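Participant: no sequence on this one, just coordinates:
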Ligand code: SF4
């Protein structure tokens, strides 16, 4: 008998996020997303700007815009996520490290306060825990004693990673955590983030538009388009042999290695639909070279094809 399937650490089901808009019910920017994240894995959400990936991450952290309407089921270790889970079982890393740190407190003081409030340790023990967490990300005593503005962008991002992990969360949600950094620093910070999460036993949900970084760092990936997941599975399958035409188009829009200087960069033709303007059929149909009449009238339901979940009437390679 095969071993029982592991229980998911995070289970997201039928997540909808609507923002205020012209329609009475608002603009549905996230349209019924569902996925699982398992203990110890790196799970990535990818897609173009406006696909709904950051809004999904913010909704999971209970940080969707105040005017948004969020519905659906989000369970962490089988229990609904509550506000008190943030900073404890669940930690977030935002795009802008500076906004995550208080400008008027030294970095180690901020971490020590977080440790005191969550773990109830005394000041001395909390400060020691803060220094250990900062040292684990490569920040020494002088950096730890600095104010955030005195640190470089990369060092601030290290401090935010330490802050996210200092209370031993089960899951870290990182929303484009290296956007403000140059490519070398991006790679070093992502490697550090993945390694520190693994060392701390935390799963990592990584929101990114950088497919190459996801290929290097994630175990599984969900590709979002117009607020829906169009393909979900192991990174080597989804990014190695995409089944959804949108995933293939996204990969084809990456610049080829060794592209000569001043060459035209490849682009994905057409534009994503305006959020909420996806009434009928597959949202990708206007840009899809494989679209048929069925695609224009019926929204495809997700199904399993070649070891991944695909929402497409005509997955690539299905009949090959
Ligand atoms: S359902 Fe049709 S339009 Fe949508 S991605 Fe698949 S083939 Fe293209």
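Facilitator: Perfect, thanks for sending it. Since we're looking at a predicted model, the values are computed, not measured.
Participant: Now do the buried residues in the helix or strand in which residue 246 is found.
Facilitator: Assigned by DSSP states H and E, residue 246 belongs to helix 245-252. Across helix 245-252, burial judged by 16 or more other Cβ atoms under 10 Å covers 245-251. The C-beta positions use only the backbone N, C-alpha and C, and glycine is treated the same way.
Participant: In those residues, find the pair that's most separated.
Facilitator: Farthest-apart pair in the buried residues of helix 245-252 is 245 and 251; separation 10.8 Å (Cβ to Cβ).
Participant: Grab the nearest non-local neighbour of residue 305.
Facilitator: residue 315 (4.7 Å; Cβ to Cβ, 6 or more residues apart in numbering).
Participant: quick one, what contacts the one you found?
Facilitator: Going by Cβ atoms under 8 Å, 6 or more residues apart in numbering, residue 315 touches 243-244, 305-306.
Participant: And it, how far from residue 295?
Facilitator: According to Cβ to Cβ, to the nearest Å, residue 315 and residue 295 sit 12 Å apart.
Participant: quick one: the helices in the stretch 1-150 of the chain?
Facilitator: Secondary structure of the stretch 1-150 of the chain by DSSP state H, counting those that start in this stretch: the helices cover 53-60, 97-100, 107-119, 123-136, 141-144.
Participant: Next, the buried residues of the longest one.
Facilitator: Residues of helix 123-136 classed as buried: 126-127, 129-131, 133-134, 136 (neighbour count, 16+ other Cβ under 10 Å).
Participant: And the residues you listed, which is closest to residue 83?
Facilitator: For these, the residue nearest residue 83 by Cβ to Cβ is residue 126; the value is 22.1 Å.
Participant: Need the three-state assignment for the closest residue to residue 139 other than its chain neighbours.
Facilitator: The shortest distance from residue 139 to any non-neighbouring residue, by Cβ to Cβ, 6+ apart, is to residue 158 (5.5 Å). Following DSSP: H, G, I helix; E, B strand; the rest coil, residue 158 is assigned to helix.
Participant: Any buried residues in stretch 147-163, and which?
Facilitator: Within stretch 147-163, the residues scored as buried using 16+ other Cβ under 10 Å are 148, 151, 153-163.
Participant: Now that stretch: average pLDDT?
Facilitator: Confidence for stretch 147-163, expressed as mean pLDDT, is 92.
Participant: Same question for stretch 295-314.
Facilitator: On average, stretch 295-314 scores 95.
Participant: Out of the helices of the stretch 1-150 of the chain, the one nearest residue 283 is which?
Facilitator: Of these, nearest to residue 283 by Cβ to Cβ is helix 53-60, at 14.9 Å.
Participant: how far out from the middle of the chain is the closest one?
Facilitator: When C-alpha coordinates are averaged (Cα atoms, centre = their mean, to the nearest Å), helix 53-60 and its chain have centres 8 Å apart.
Participant: Ok, stretch 302-309 next?
Facilitator: Per Cα atoms, centre = their mean, the centroid offset for stretch 302-309 relative to its chain is 21 Å.
Participant: Can you tell me what sits against that stretch?
Facilitator: In contact with stretch 302-309 (Cβ under 8 Å, 6+ apart) are residues 229, 231-234, 237-238, 241, 243, 310-311, 315, 317-318.
Participant: May I see these organised as CSV, with distance to the ligand and secondary structure added?
Facilitator: What follows is the contacts of stretch 302-309, written out as CSV (distance: Cβ to the nearest ligand atom, whole Å; DSSP: H, G, I helix; E, B strand; the rest coil):
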residue, distance to the ligand, secondary structure
229, 13, strand
231, 10, strand
232, 14, strand
233, 16, strand
234, 20, strand
237, 17, helix
238, 14, helix
241, 16, coil
243, 9, coil
310, 8, strand
311, 7, coil
315, 7, coil
317, 12, coil
318, 11, coil
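Participant: Please pick the buried ones from these.
Facilitator: If we count by 16+ other Cβ under 10 Å, the contacts of stretch 302-309 have these buried: 229, 231-233, 237-238, 243, 310-311, 315.
Participant: how close does the residue nearest to the spatial centre of the chain sit to the ligand?
Facilitator: Central residue of the chain (Cα atoms, centre = their mean): residue 207, 2.3 Å from the mean position. Separation of residue 207 from the ligand (Cβ to the nearest ligand atom, to the nearest Å): 22 Å.
Participant: pretty sure that residue is in contact with residue 175, am I right?
Facilitator: Yes. Here residue 207 reaches residue 175: they are 4.5 Å apart, a contact under Cβ atoms under 8 Å.
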